[in-house]
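Chemist: Starting from these lines, generate the structure:
(one chain, ligands or ions: 2)
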Amino acid sequence: MTDQSLPGIVITGGSGRMGQMLIRTVLDSDAARLAGVVERQGHDWVGRDIGTCLGGAPLGVTVTDDPLEAFAKAQAVIDFTAPAATVEFAALAAQARATHVIGTTGLAPEDLEKIAAAARHATVVRAGNMSLGVNLLVQLTKRVAAALDEDFDIEVIEYHHNRKVDAPSGTALMLGEAAAEGRGVALDDVADRGRDGITGARKRGDIGFAAIRGGGIVGEHDVLFASEAERIVLRHVAEDRSVFARGALKAALWGQGKGPGEYDMLDVLGLKD
Ligand SMILES: NC(=O)C1=CN([C@@H]2O[C@H](COP(=O)(O)OP(=O)(O)OC[C@H]3O[C@@H](n4cnc5c(N)ncnc54)[C@H](OP(=O)(O)O)[C@@H]3O)[C@@H](O)[C@H]2O)C=CC1
Ligand SMILES: O=C(O)C1=N[C@H](C(=O)O)C[C@H](O)C1
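Modeler: Ligands and ions are numbered 1, 2, ... in the order given. You can find the predicted model right below:
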């Protein structure tokens, strides 16, 4: 019997790669309960018990295509879906006053504005990567970039599976932002996000991005600092998706009782400078 006093968590996009991992992570947790699973209208999981959808015994949670109804019965929503869905869910989570944990990447500036508006009414925790390791790497990147001058070229290289739809990855952008912050520059002024053809020589001070896509790679990120005489490489490898799911659940629990506002995993993990 599920303990109804535990914070209730809704997972959006439950059939996705992260959705399934998140459902299992919440079900395995003794600090939270699965309050709902949302799929889009017409999805063949809608109306079915989530336990059955996952190939096991019924769990008493029926998959719904009505996000507001699900959010209203929960304390937090964990959302790893797609930009258009996440913007819609942000407004609904705010309406329901549920903590909204956003892992979705590829968000455009106008999406971020709408999320910021929702965060005026509810707690939002958003990060392009919810793992402890990457968030430590973000802080290391900032420190190394601050310690080195522009004799060191900075490149962020990311490796992902062949189903990923956005580039650079959310993590690569977090690392690029950290490097730019360490250097005291704005990333938008120095980012070089795609090289093809006669590009000319590399511009001093640029921060370059490269995206590799292949097979089932979960997610790997290198930050390269290269001078004429030496090279430093900071590297993170996600062995499986559980690191993201565990971070997301931690964020959902951390968000309970926080006031409205937009936070990130550095807040959750206590890693802010
Ligand atoms: N921050 C982090 O730590 C991490 C972030 N991510 C990010 O999470 C996102 C999802 O990744 P992944 O799980 O691999 O992708 P998937 O494509 O496997 O899953 C996305 C899921 O969202 C569903 N979805 C999309 N729109 C809606 C909607 N309107 N209503 C309900 N469900 C919807 C999709 O359903 P359908 O198939 O019907 O479209 C699908 O089931 C990506 O942006 C990825 O970059 C991934 C890992 C870690
Ligand atoms: O799409 C993925 O899979 C991942 N996306 C995130 C990103 O864009 O950085 C995090 C992780 O690397 C996996």
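Chemist: can you pull out the helices in the stretch 1-150 of the chain?
Modeler: 17-28, 50-53, 67-72, 83-96, 109-118, 132-147 (DSSP state H, counting those that start in this stretch).
Chemist: For the residue in the stretch 101-250 of the chain that ligand 2 sits nearest to, list the residues it contacts.
Modeler: Closest contact between the stretch 101-250 of the chain and ligand 2, by Cβ to the nearest ligand atom, is at Gly219 (2.7 Å). For every residue, glycine as well, the C-beta is placed using N, CA and C. Shown in contact with Gly219 (Cβ atoms under 8 Å, 6 or more residues apart in numbering): 129, 158-160, 169, 171, 237-238.
Chemist: from those residues, which ones fall inside helices?
Modeler: In this view, the contacts of Gly219 that belong to helices under DSSP state H are Thr171.
Chemist: could I get the contacts of Gly219 as TSV with neighbour count?
Modeler: As requested, the contacts of Gly219 are exported to TSV (neighbours: other Cβ atoms under 10 Å):
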residue	neighbour count
Asn129	27
Glu158	24
Tyr159	19
His160	24
Ser169	23
Thr171	27
Val237	12
Ala238	19
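Chemist: Among the contacts of Gly219, which ones are in strands?
Modeler: 158-160, 237 (DSSP state E).
Chemist: these two touch, right, Phe244 and Arg17?
Modeler: No. Between Phe244 and Arg17 there is no contact under Cβ atoms under 8 Å: 9.9 Å.
Chemist: Compare these two (neighbour count), which wins?
Modeler: Remark: of Phe244 and Arg17, Phe244 carries more neighbours, 25 against 15, as counted by other Cβ atoms under 10 Å.
Chemist: Tell me which residues touch the more buried one, please.
Modeler: Residues counted as contacts of Phe244 (Cβ under 8 Å, 6+ apart) are 18, 21, 80, 103, 129-131, 238.
Chemist: near ligand 2, which of those show up?
Modeler: Filtering the contacts of Phe244 for proximity to ligand 2 by Cβ under 6 Å from any ligand atom leaves Asn129.
Chemist: Is there a quick PyMOL command that grabs whichever of the contacts of Phe244 are buried?
Modeler: Here is the PyMOL command that selects the buried residues among the contacts of Phe244 (16 or more other Cβ atoms under 10 Å):
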select buried, resi 18+21+80+103+129+130+131+238
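Chemist: Nearest to Arg202, out of the contacts of Phe244: which one, please.
Modeler: For the contacts of Phe244, the residue nearest Arg202 by Cβ to Cβ is Asn129; the value is 26.4 Å.
Chemist: quick one: contacts for the closest one?
Modeler: With contact set as Cβ under 8 Å, 6+ apart, Asn129 has these partners: 135, 170-171, 174, 219, 244, 247, 265.
Chemist: Which single residue of the stretch 151-273 of the chain ends up nearest ligand 1?
Modeler: The minimum distance from the stretch 151-273 of the chain to ligand 1, using Cβ to the nearest ligand atom, falls at Phe244 (3.6 Å).
Chemist: circling back to that earlier point, would you turn the contacts of Phe244 into a markdown table with distance to ligand 1 and pLDDT?
Modeler: Output for the contacts of Phe244, formatted as a markdown table (distance: Cβ to the nearest ligand atom, whole Å; pLDDT from 0 to 100):
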| residue | distance to ligand 1 | pLDDT |
| --- | --- | --- |
| Met18 | 3 | 98 |
| Met21 | 8 | 98 |
| Phe80 | 4 | 98 |
| Gly103 | 3 | 98 |
| Asn129 | 4 | 98 |
| Met130 | 4 | 98 |
| Ser131 | 6 | 98 |
| Ala238 | 8 | 98 |
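Chemist: Would you mind naming what in this protein lies close to ligand 1?
Modeler: 12-13, 15-19, 38-40, 43, 80-82, 85, 103-106, 127-130, 170, 244.
Chemist: And these, which of them are buried?
Modeler: Neighbour-count burial (16+ other Cβ under 10 Å) applied to the residues of the chain next to ligand 1 gives 12-13, 15, 18-19, 38-39, 43, 80-82, 85, 103-106, 127-130, 170, 244.
Chemist: buried set for stretch 219-235?
Modeler: By neighbour count on 16+ other Cβ under 10 Å, the buried set for stretch 219-235 is 219-225, 234.
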